[in-house]
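Visitor: make a model of this:
(2 chains)
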Amino acid sequence: MTLITEDLVEEHGINEEEYSFILKSLKREPTITELGIFSAMWSEHCSYKSSKFWLKQLPTENNFVIQGPGENAGVIDIGDGYAAIFKMESHNHPSFIEPYQGAATGVGGILRDVFTMGARPVALLNSLRFGDTSHEKTKHLLTGVVSGIGGYGNCMGIPTVGGEVEFNSSYNDNILVNAMCVGIAKTDKIFYSKASGVGNSVVYVGSKTGRDGIHGATMASAEFDENSEEKRPTVQVGDPFSEKLLLEACLELMKMDVIIAIQDMGAAGLTSSAVEMAGKGELGIELDLDKVPCREKNMSAYEIMLSESQERMLMIIEPKKEHIAKEVFDKWELDFSVIGKLTNTNKLVINHKKMTKAEIVLDILEKGAPSYKRPYSINKFSEEKIKNDKLIDKGPISILKDLIGSPNLCSRKWVWEQYDHMVMTDTILIPGGDSAIIRVHGTNKGLSITSDSTPRYCLSDPIEGGKQAVAEAWRNLIAVGSRPIAITDCMNFGNPEKEDIMGQFAGVVKGMIMSCNQLDFPVVSGNVSLYNETNGKGINPTPVIGGVGVIDNLDIFADHNFKRKDDVIFIIGKTDGHLPQSIYATELLNINTGLPPKVNLDEEKKNGLTIKSLIESSLVDTSHDISDGGILIALTEMAIKNNIGFDIETDIINSHRFLFGEDQGRYIISVKEKNLIKVKKILEESNVIYNIAGVTIDKIIKVNEEKIPIDEIKEIYENWFTKYLSK
Amino acid sequence: MKAAIIVFPGSNCDRDIAVSLKKISEIEPLMIWHKETCIPDCDIIVVPGGFSFGDYLRCGSMAANSPIMLDVIHKAKKGMPTIGICNGFQILTETGLLPGTLIKNDCLSFLCKTVSIKVENSNTKFSNLYSKNEVIDIPIAHNEGNFFADDSTLNKIKDNDQIVFKYCNNSGKTEKEFNPNGSIENIAGIINKDGNVLGMMPHPERATCQLSQLNDGERFFSSITESIL
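Guide: Numbers count the residues shown, from 1 in each chain, chains lettered A, B, ... in the order given. So this is what the prediction gives:
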């Protein structure tokens, strides 16, 4: 018997108060296995103990939501009997320690969350954040993470269709790897994790259990220090081939009427799946660990319960139907083992080697889980204007060359060309635009998908930043002509025990609530990753928003590429020329002070819905939201693909503010001459502020009297990554 | 036209190719699990793309030794039209039905993009609706697509006019710089000497969509139906 010492309790991330609650509830000292189970279930990662109070306030419903937060993933109704099932999750800490495997298993985990609900995954996205490009680890982490994501998704045959990559020194020792997956199911064939039926079998399927990833959830809930790399053994190792087999086997079995409940073994492995499934069903669960297929000899109950070996699932099946399920898993050459049964005791009982290693009332683990309203203070920067004498004394085109070839604005092609973004042959809009579009297989309906966050806005003003993150995701979906439906969020923050960090979290959530409500854009799933700090320094607050929308008829949608010369270019929305917190200010002027642009949600909604109706009525087929870098960057992104440029005029005195300011709620559209009057009329009737900036032309980018061939810009735009990595 | 698609554990373009074949032939293709030993009556055998057996050991090597492959080899040697795309091409070289081998891309990473390929030989069952030297756009997605053959094998391939597709730029130039993966002579697809077994790295099944403006793959499938029926 392992002696439970104070040190051991502390090593398990359980504080004094929590431990005395455990003693009181159990009326005895916990066994080491029980201590491990409490540690995992009450880790920040599994229990949401610091964030629950705030997350509960987020809107989670609208007319399309079938399942909100609390399941493996969120579910929305996309019409015609189909549902989209999606979620985003972080794998930050493992990816910093071992980038390839950390990122790969992040993808594997989010895929399982989606197919465990009965959906075939149809798209993957990734929001990645690395340290400064000059940091010694950045290249290693970037190449490792990108190949890990590709290695897993490509092998699975699920297209990776979008995401983001940002470089910022706040992530130097704590990168962010957030993976999102979207799947499609029939609305009447959705599987949930709530166990039912006393006496039903608890079935383990998939890969064998090894010693990898033990206590990953606890690791993900602690700060890093210089010894973190010693934690490499807690990083799981991915096997996408096994996951592909598991996917096909599960989907095959789901066509038959066999599975009562199912959940993947993700963070905290067998512990969390067993506890959550039985807990949701208000039942008990008894497991015989001798029946768990193990990869290594002599694994203890503690190790088996806490292993985070990948590619495993737990299912509840009626005993008389076990043979049907076994046949399917035998075909796919995956392990299948009945490891326990449901009871009516409301207890988790773990037996191993003829001994009871754990016996805990489930309510203690679940309802007894700590929840803190931690002290917080929402701080924003003070308002500061950028005076004219601070602006760069160069023309717009030379600034454009600097910006478009900078790490945060250059093309991400080097990244997404390493991802199979076309497999399944339903990718209608490939990466590089505002949203990806995926056709619902065998129909003429599409899903628009995006992921986005602007951490520097959140740092300088958490509430506005939270508003903006949700609004920008909505805008990205509108820009392709889709109906935004709902979001998933991945909340990456520092140590919540610090008041200002907790304030960032609280502020961002408050901002998100405003946008979600106003835009009818609820949260259906998500993940929180706290303690993203190394040696006491936190990351920028990074709420990544994954948005999903619907295109009812794929004959009509828009993308961001100019298609013809002589189109008239409209800037939709009000341009004030807000420079503080813009890329122009932070990266070229090195000014990081001041407040971010404000999101006016009334304008946001009005502008967006008008753009959507212009696209739907086929008056506009080219549209792009104006975000990082402002108008000139957005226009240039529109020009490159088809080598169709633009000729625009600006007010000379304020040209930098106009071209590089990052005012919110804006889009650029290009309109055929013949539709001009109709478009103007609709904009005016809708009270949408717009101005006409110029026209599209062949092969040239021209601002006032300055010009440059697109080819030259394209060279700068597309080659940054290759040059950076070959240095 | 009845197609038989071989499905290995880890195949992931099996559904995609089935959709394209069904669209053109209006007959549901047969999906044949790798553990079968006999392929039922059909007009063409397709070995699809993906990561059969996880690409572990060596791309295509384990699949080439699956039970069904004995029958694939037997039928192909008797003249059955057979195509291998991407991982399928790798598998067919592993069985020896096609010469040469596919090694790691010279950029050392997975590469997914639409590339231009030039039709070098339009006189095959699989390319007869293209014209010779025509440039078509077809996506690639692979880690090991770098075709290699020793000099004597390569000479035979050339002498027999076995090169069907070569990587090129949009005006048909086949210089090295337009080669995405380092393939010898920019080879993207070859045929066996008898003209019934084709292997290619690009995915024609990914180029049959009007919506994404990629449809040069359609004539690949119609070439097959017209020449076989």
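Visitor: the strands in chain B, which residues?
Guide: For chain B, the strands defined by DSSP state E occupy B:3-7, B:30-33, B:44-47, B:82-85, B:101-103, B:111-119, B:135-142, B:146-148, B:163-168, B:187-191, B:197-200.
Visitor: got CSV for those strands, with mean neighbour count, mean pLDDT and distance to chain A too?
Guide: Any C-beta I mention is one placed from the backbone N, CA and C, and that applies to glycine too. Below are the strands of chain B laid out as CSV (neighbours: other Cβ atoms under 10 Å in any protein chain shown; pLDDT from 0 to 100; distance: least, Cβ to the nearest Cβ, whole Å):
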stretch, mean neighbour count, mean pLDDT, distance to chain A
strand B:3-7, 25, 98, 10
strand B:30-33, 17, 98, 8
strand B:44-47, 27, 98, 15
strand B:82-85, 27, 98, 12
strand B:101-103, 22, 98, 16
strand B:111-119, 22, 98, 5
strand B:135-142, 22, 98, 4
strand B:146-148, 22, 98, 16
strand B:163-168, 24, 98, 15
strand B:187-191, 29, 98, 16
strand B:197-200, 27, 98, 16
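Visitor: could you dump these to JSON lines with distance to A:Lys137?
Guide: Below are these laid out as JSON lines (distance: least, Cβ to Cβ, whole Å):
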{"stretch": "strand B:3-7", "distance to A:Lys137": "42"}
{"stretch": "strand B:30-33", "distance to A:Lys137": "45"}
{"stretch": "strand B:44-47", "distance to A:Lys137": "42"}
{"stretch": "strand B:82-85", "distance to A:Lys137": "39"}
{"stretch": "strand B:101-103", "distance to A:Lys137": "31"}
{"stretch": "strand B:111-119", "distance to A:Lys137": "25"}
{"stretch": "strand B:135-142", "distance to A:Lys137": "29"}
{"stretch": "strand B:146-148", "distance to A:Lys137": "30"}
{"stretch": "strand B:163-168", "distance to A:Lys137": "36"}
{"stretch": "strand B:187-191", "distance to A:Lys137": "38"}
{"stretch": "strand B:197-200", "distance to A:Lys137": "40"}
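Visitor: which parts of the stretch 501-650 of chain A are helices?
Guide: Taking DSSP state H, counting those that start in this stretch as the test, the helices found in the stretch 501-650 of chain A are A:583, A:601-616, A:631-640.
Visitor: and those helices, which is most packed in?
Guide: helix A:631-640 (a mean of 24; mean count of other Cβ atoms under 10 Å in any protein chain shown).
Visitor: so what touches that helix?
Guide: Residues from elsewhere that reach helix A:631-640 (Cβ atoms under 8 Å, 6 or more residues apart in numbering or on different chains): A:396, A:399-400, A:403-404, A:409, A:411, A:560-562, A:569, A:571, A:575, A:583, A:622, A:624-627, A:645-646, A:648, A:658-661, A:666, A:668, A:670, A:693, A:701, A:703, A:710, A:713-714, A:717-718.
Visitor: pLDDT (mean, whole number) over that helix?
Guide: Throughout helix A:631-640, pLDDT has a mean value of 98.
Visitor: show me how far that helix is from its chain's centre.
Guide: Centre-to-centre, helix A:631-640 and its host chain are 26 Å apart (Cα atoms, centre = their mean, to the nearest Å).
Visitor: go on, stretch A:438-456?
Guide: On Cα atoms, centre = their mean, the centre of stretch A:438-456 falls 13 Å from the chain's centre.
Visitor: apart from its neighbours in sequence, what residue is nearest A:Gly511?
Guide: Excluding its sequence neighbours, the residue lying closest to A:Gly511 (Cβ to Cβ, 6 or more residues apart in numbering or on different chains) is A:Gly466, at 2.6 Å.
Visitor: is it true that that neighbour lies in a helix?
Guide: Yes - assigned with DSSP: H, G, I helix; E, B strand; the rest coil, A:Gly466 falls within a helix.
Visitor: interface residues of chain A facing chain B?
Guide: With the criterion set to Cβ under 8 Å from any Cβ of the partner chain, chain A comes near chain B through A:147, A:150-151, A:154-157, A:239-242, A:244-245, A:332-333, A:416-425, A:427-430, A:439, A:554.
Visitor: can I have the buried ones of those residues as a ChimeraX selection?
Guide: Entered in ChimeraX, the line below selects the buried ones among the residues of chain A next to chain B, by 16 or more other Cβ atoms under 10 Å in any protein chain shown:
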select /A:147,150,151,154,155,156,157,239,240,241,242,244,245,332,416,417,418,419,420,421,422,423,424,425,427,428,429,430,439,554
